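1. Turn this into a structure:
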Amino acid sequence: MSAQETSRTALITGTAGFIGFHLARRLLEEGWRVTGIDGMTPYYDVSLKHARHAVLSAFEGFTAHEVMLEDADAIAAVFEACQPDVVVHLAAQAGVRYSLENPRAYIDANLVGTFNVMEGVRLHKPAHFLLASTSSVYGANEDMPFGENDRTDHQMTLYAATKKATENMAHCYSHLWGTPTTALRFFTVYGPWGRPDMALFKFCSAMLKDEPIEVYGEGRMQRDFTYIEDLVEAIFRLIPAAPVKGEPVSPDDSLSPAGPYRVVNIGGAQPVGLMAYIEALEKALGREAKKKMLPMQKGDVRATHARPELLRALTGYTPQTPVAEGVKRFVDWYLEEYAERS
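-> Okay, here's the model as predicted:
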């Protein structure tokens with residue numbers, strides 16, 4: 001897909017975040033104009049967020065706005081200035097465990113903030129609205145692999161509940177106002193420029209300091225890990241694949257009967273055990289981890305496993321980077337770009 005075959009102006013929320021940064025860079029490299037929104041919240045190392053924006057700012061087509069999602073007037077002003085063809089809403093209060101400590105942050109950012117973004121979408125009518133959700137919405141569902149049409153009624157944390165709520169909100173707006181909308185369910189994304197609160201980052205940092213890593217669930221958990229460049233490729237291919245009411249692409253399409261809205265899993269359908277993930281990191285760093293084995297934390301699930309058929313039907317693509325390769329790329333980035341700042 002070339003930039004000439006798609007809309008050329010994208011509004012992306014969360015461009016100083018992990019996924020938003022990578023997607024914005026990919027679109028800029030393809031010749032898009034990108035307007036970015038980020039609140040630069042101190043949930044984790046703000047210097048890393050500024051470093052990501054510095055990379056993006058080297059592109060002539062990038063414009064950044066440091067505003068909070070909860071600021072309705074500021075969000076409205078960005079939409080008015082940008083007039084986007086495509087909106088990709090990635091900004092959110094992330095983190096399963098932090099939702100146990102500061103639940104209000106999830107209500108403010110994920111519910112109120114998403115409402116403000118959807119109001120901008122309603123008024124400016126982009127060709128496609130894509131918003132980030134998470135595999136955490138599958139919650140207590142143990143029937144795997146997870147498919148987009150599976151029940152998602154039993155979320156385990158407030159974080160997951162707010163993300164499911166944003167899916168429902170977006171569906172309502174798609175039905176009421178006709179905006180083509182795709183909710184993207186991400187499965188454990190990792191890679192260079194990742195978040196310091198995520199396991200790979202924390203493990204790498206601790207191991208380089210010869211400190212023990214905390215291994216929850218006694219290491220028996222499994223995750224459908226998705227390398228960041230694979231995730232971005234999938235989103236990039238989904239941008240022109242706006243849903244059309246009454247036109248499913250397969251018998252198992254999650255397309256709504258009430259509007260141009262669908263949900264798409266982005267995962268590789270190859271779950272990897274947590275201990276194998278740690279072994280990949282040990283190999284990449286050339287040292288063995290000291291492991292502190294701990295029980296499951298509140299809100300955690302034993303396993304995730306994506307069913308990728310709908311993504312493949314829409315884009316001809318599914319994530320494919322092996323965990324060993326993805327972890328090695330993360331380590332290379334960490335040692336070169338981040339270690340001296342930590």
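2. average pLDDT for the top helix by length along the chain?
-> Once the chain is assigned using DSSP state H, the helix that runs over the most residues is helix 158-177. The pLDDT scores in helix 158-177 average 97.
3. residue ranges of the strands in the chain, please?
-> Per DSSP state E, the chain carries strands over the ranges 9-13, 33-37, 62-65, 86-89, 128-134, 181-186, 189-190, 213-215, 222-223, 226-227, 261-266, 272-273, 291-293.
4. Those: which one's closest to Thr162?
-> Closest approach to Thr162 among the strands of the chain (C-beta to C-beta): strand 128-134, 9.8 Å. Every C-beta, even on glycine, is put in place using the N, C-alpha and C of the backbone.
5. That closest one relative to strand 9-13, how many degrees between them?
-> Calculated by axes from the mean of the first three to the mean of the last three C-alpha atoms, to 10 degrees, strand 128-134 forms an angle of 30 degrees with strand 9-13.
6. Okay, angle between strand 128-134 and strand 181-186 too, please.
-> Here the directions of strand 128-134 and strand 181-186 differ by 30 degrees (the same axes, to 10 degrees).
7. for strand 128-134, packing partners?
-> strand 86-89, helix 113-124, helix 158-177, strand 181-186 (3 or more C-beta pairs under 8 Å, 6 or more residues apart in numbering; DSSP states H and E).
8. What are the buried residues along the third one?
-> Residues of helix 158-177 classed as buried by neighbour count (16 or more other C-beta atoms under 10 Å): 158-167, 170-171, 173-175.
9. what's the closest of the residues you listed to Leu294?
-> Nearest to Leu294 out of the buried residues of helix 158-177 is Tyr159 (C-beta to C-beta; 20.1 Å).
10. Leaving out the residues flanking it, which one is nearest to that closest one?
-> What sits nearest to Tyr159 in space, not counting adjacent residues and going by C-beta to C-beta, 6 or more residues apart in numbering, is Ser99, at 3.9 Å.
11. quick one: contacts for Asp230?
-> Counting by C-beta atoms under 8 Å, 6 or more residues apart in numbering, Asp230 touches 268, 319-321.
12. now do 10 Å
-> Asp230 is in contact with 189, 191, 266-268, 317-321, 326, counting by C-beta atoms under 10 Å, 6 or more residues apart in numbering.
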